[in-house]
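Chemist: Starting from these lines, generate the structure:
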Amino acid sequence: MRLMWFALFAGVFGACGGSSAGSAAEDTLAACTDGVDNDGDGLKDCDDDDCSVFVACLPGYPEDGVTLSDGNGRGVDGGGADASEPDGASGPQDGSEEDAAESPDGTVPATDAAGGACQPCGYGSLKGRVCAPSQQVYIAGASVTIETTDCAGKPITLTVKSNFDGVYLFESVPCGMQTIRIEKGSFEHSFEVPISPGKLTDVSGADMKMCFAASAVSIAVLWGQWDEMNDIVVRLGFDYDWFYYEDDLYAEDPDWENVDAVKMLRDPTWLAQYNILILNCGSAYQKWVVEFPDIAANLQDWVLDGGSLYASDLAWILEEKAFPEGIDFYGIDDKGYMATDGPQVIDGNQDFDAFLIDADLAAYVGGGQIKVHYGPGPLISVSAGGQGTTVHAKALIQQCQGLFDSCTSGVKLNEQQPVILSFQPAPTSGRVVFSGFHVDEQGEQEKYDKILYYMMFLL
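Modeler: A predicted model of the protein is given here:
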């Protein structure tokens with residue numbers, strides 16, 4: 001029965017998914033139901049992990065009773081009772097006039113994207129869950145949209161938001177094959193689901209949720225001495241390009257001009273290949289912005305063109321040089337690493353009480369307060385967010401008073417300071433995020449990870 005359904009699904013609805021045979025990847029519905037190993041990895045259709053994003057490849061689906069249209073007004077029974085009738089009773093499925101008749105209320109059948117119709121027209125509901133490719137991290141605040149036609153043939157757009165567990169619910173969706181589009185920050189994903197009148201189609205379960213693909217966005221991560229933001233990307237399950245330059249940093253005379261990380265930042269065409277750029281905390285950035293001022297200019301253009309930037313701690317200098325009005329760093333905030341009157345004045349090796357003042361973030365994490373740890377310091381201090389900047393978290397920290405060297409000998413002040421911030425430089429630009437916390441140093445690691453997951457999906 002499943003094989004029969006695949007064949008019909010590919011033939012009837014394949015027009016919605018682009019070309020099939022000969023495509024370079026198993027990345028469309030048609031390519032995942034054509035019986036061809038399109039990407040040459042030895043796996044066909046649903047045996048290929050790339051096809052797991054399509055409902056057609058869910059185990060046991062639609063044998064639970066969901067009924068599809070074959071494009072000629074006939075239902076394709078998935079193995080249960082005919083779900084085209086709200087009470088599960090069998091209705092006409094022989095293509096007769098009775099099949100094509102108007103609904104009792106006089107409305108016409110709703111058509112799916114491929115021109116088929118469900119007979120008679122009616123409405124069902126859909127429940128789903130938005131998740132990262134790891135299938136273990138759920139995404140709050142994602143926009144979920146269905147563009148379709150109602151039973152009167154009128155175009156409609158249905159939109160809901162996922163809740164703090166990633167769950168979304170459409171209570172009234174026209175029957176037939178519907179395309180679900182999910183968007184959150186730079187991340188997008190679409191898949192198709194059959195809706196039956198009077199029934200709930202639930203794709204939120206452990207084996208049925210439709211997650212973002214690992215390759216949903218193009219991500220670059222730069223190595224740094226004191227943070228491992230790449231761990232967060234791995235935990236989410238996204239693919240990324242890794243720019244490692246430790247050997248160059250500790251070389252006697254680094255040839256920065258020929259290091260890939262620097263070359264990428266200096267090359268607008270190379271940089272434009274990425275949707276998201278993540279900068280781990282490290283000391284090299286100050287040297288780069290001084291030696292290669294075009295890096296800051298390129299980053300500014302790239303963000304304004306839609307790219308999103310995440311900087312950790314000492315990577316602040318690239319944000320500051322590209323967008324000096326975004327965040328007011330402590331002291332003379334155009335100074336860089338180890339400057340005596342710059343922002344590197346938070347003493348290290350101490351614990352703080354952090355307060356999540358972003359209500360959505362607090363709800364996602366499950367509380368408005370968390371203990372955080374700062375490792376070896378001193379670290380970067382923020383005075384305030386600029387105009388249009390959102391402060392997501394503050395912490396009661398110990399900051400050195402005065403110059404940098406007073407961190408070990410001077411008076412320390414307790415101050416409530418922003419520690420996680422984000423801003424969008426222009427209405428159509430990408431986002432810029434800064435965090436002073438470091439990955440894998442936290443006692444409440446699970447809560448801290450959720451903070452970073454939340455921030456990642458703002459990008």
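
Chemist: C-alpha only now, for contacts and for neighbours.
Modeler: Noted.

Chemist: Go ahead and measure how far stretch 139-156 is from the middle of the chain.
Modeler: 20 Å (Cα atoms, centre = their mean, to the nearest Å).

Chemist: Then stretch 388-400?
Modeler: For stretch 388-400, the distance to the chain centre is 25 Å (Cα atoms, centre = their mean).

Chemist: In three-state terms, label residue 193 for me.
Modeler: Taken by DSSP: H, G, I helix; E, B strand; the rest coil, the conformation at residue 193 corresponds to strand.

Chemist: I'd say it and residue 175 touch.
Modeler: No. Look at residue 193 against residue 175 with Cα atoms under 8 Å: they stay out of range, at 9.9 Å.

Chemist: Now do the strands in the stretch 351-459 of the chain.
Modeler: All strands of the stretch 351-459 of the chain, identified by DSSP state E, counting those that start in this stretch, fall at 369-374, 379-380, 382-385, 390-400, 412-423, 432-435.

Chemist: Out of these, which one sits most buried?
Modeler: strand 432-435 (a mean of 24; mean count of other Cα atoms under 10 Å).

Chemist: Contacts for it, please.
Modeler: 303, 308-313, 316, 319, 419-425, 455, 459 (Cα atoms under 8 Å, 6 or more residues apart in numbering).

Chemist: run the last query once more with 10 Å
Modeler: With contact meaning Cα atoms under 10 Å, 6 or more residues apart in numbering, strand 432-435 is reached by 276-279, 281, 303, 307-316, 319, 323, 326-327, 380, 382, 389-393, 418-425, 452, 455-456, 458-459.

Chemist: now the strands of the stretch 351-459 of the chain in CSV, with distance to residue 363?
Modeler: Shown next, in CSV, are the strands of the stretch 351-459 of the chain (distance: least, Cα to Cα, whole Å):
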stretch, distance to residue 363
strand 369-374, 11
strand 379-380, 27
strand 382-385, 22
strand 390-400, 12
strand 412-423, 16
strand 432-435, 19
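
Chemist: for the ones you listed, which one sits closest to residue 444?
Modeler: Set against residue 444 and scored by Cα to Cα, those come closest in strand 369-374, at 6.8 Å.

Chemist: CA-only coordinates of the closest one in PDB, if you can.
Modeler: These are the backbone C-alpha positions of strand 369-374, laid out as PDB (Å, rounded to 0.1, in the frame of the first residue of the first chain):
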ATOM      1  CA  GLN A 369      17.200  33.800  36.300                       C
ATOM      2  CA  ILE A 370      20.300  31.600  35.800                       C
ATOM      3  CA  LYS A 371      23.700  31.200  37.300                       C
ATOM      4  CA  VAL A 372      26.500  31.800  34.800                       C
ATOM      5  CA  HIS A 373      30.200  31.300  35.100                       C
ATOM      6  CA  TYR A 374      32.900  33.500  33.600                       C
END
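
Chemist: And the average pLDDT for that strand is what?
Modeler: Strand 369-374 shows a mean pLDDT of 84.
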